[in-house]
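J.: sequence and predicted model, in that order:
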Amino acid sequence: MTGALLSFSAMAVSIRMLSAKLHILEILAIRNGGGLALLLVLGALNPALMRALTTRRLVLHVMRNAIHFGAQFLWATGVTLLPLATVFALEFTMPAYTALLAVLFLGERLTPSRIGVVIFGFLGVLVILRPGLESFQPAALLVLGAAFGYAVSLTQTKALTSTETTFALLLWMNVIQLPLAMLGSDPRSYLALGEMALAERVKKAVSELRAAGTTLLKETSEKHVYA
């Protein structure tokens with residue numbers, strides 16, 4: 001759980017930094033492309049993972065990932081518009097939505113503890129949003145929509161885990177979501193990002209060479225003085 005929170009935090013910071021150069025869909029495309037490449041390497045190293053893939057529940061996979069992709073887009077957009085503390089606070093309404101959806105669609109019992117999660121979750125939303133006050137931020141609704149979308153996706157994931165492996169869930173996620181992200185992407189943006197990264201490397205190398213040259217010149221001058 002701690003690892004998941006750290007990865008979400010790192011992803012939020014990365015999205016905010018990259019959004020200055022790339023569109024949200026382009027950032028998501030990089031994420032899905034990298035994830036797909038990594039999973040294919042794992043599948044090549046362990047063919048049993050690939051053999052476990054099936055298309056029996058492909059429709060549910062598509063539905064899950066379409067909703068998850070939309071939630072990701074809303075969440076990433078919210079990250080660029082709101083303080084990160086507000087984003088994460090609103091995102092924690094997801095357990096409340098998930099508890100209700102699990103009762104409605106998975107037949108789980110609504111226990112007193114789950115009722116408490118739902119009530120306090122929505123009370124927390126009211127405290128953060130403060131509707132009716134001048135400080136209300138409309139962008140917060142994007143994150144709330146993302147939290148609900150994530151909750152729907154989690155409920156569908158729970159239904160899929162009865163027959164699907166974790167590897168299959170992740171692979172189908174990236175296979176389905178990558179084309180969706182590419183639809184709104186401009187390939188020239190990736191080239192510009194690569195050029196920017198190369199320029200930064202060259203700049204760093206030049207700075208290191210300049211510093212090394214300055215140090216060498218200083219050492220040479222000191223030797224002449226002592227000589």
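T.: That came through fine. Residues are numbered from 1 along each chain as shown.

J.: C-alpha only now, for contacts and for neighbours.
T.: Noted.

J.: what's the neighbour count on residue 182?
T.: By other C-alpha atoms under 10 Å, the residues close to residue 182 number 18.

J.: from residue 70, how far out is it?
T.: 14 Å (C-alpha to C-alpha, to the nearest Å).

J.: can you tell me the SS state at residue 182?
T.: Following DSSP: H, G, I helix; E, B strand; the rest coil, the label given to residue 182 is helix.

J.: now it. Nearest residue, chain neighbours left out?
T.: residue 29 (6.0 Å; C-alpha to C-alpha, 6 or more residues apart in numbering).

J.: now do the one you found against residue 185, distance only.
T.: From residue 29 over to residue 185 (counting by C-alpha to C-alpha), the distance is 8 Å.

J.: who's more crowded, these two?
T.: Neighbour comparison, residue 29 and residue 185: the larger count goes to residue 29, with 22 against 19 (by other C-alpha under 10 Å).

J.: quick check: buried residues in whatever helix or strand that one lives in?
T.: Here residue 29, judged by DSSP states H and E, is contained in helix 24-45. Neighbour-count burial for helix 24-45, counted by 16 or more other C-alpha atoms under 10 Å, picks out 24-29, 31-33, 35-36, 39, 43.

J.: and which of the residues you listed is nearest residue 64?
T.: residue 32 (15.3 Å; C-alpha to C-alpha).

J.: with distance to residue 8 added, can I get the buried residues of helix 24-45 in CSV?
T.: Below are those laid out as CSV (distance: C-alpha to C-alpha, whole Å):
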residue, distance to residue 8
24, 16
25, 17
26, 18
27, 14
28, 14
29, 17
31, 13
32, 15
33, 18
35, 15
36, 18
39, 19
43, 25
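
J.: shouldn't residue 12 be in contact with residue 76?
T.: Yes - with contact defined as C-alpha atoms under 8 Å, residue 12 counts as touching residue 76 (7.3 Å).

J.: so where's the chain uncertain?
T.: 1-5, 129-136, 189-227 (pLDDT under 70).

J.: the same query, at a cut-off of 80, please.
T.: In the predicted model, the chain carries pLDDT under 80 at residues 1-9, 117, 121-122, 124-137, 186-227.

J.: residue 51: neighbouring residues, count only.
T.: Residues near residue 51, counting by other C-alpha under 10 Å, number 10.
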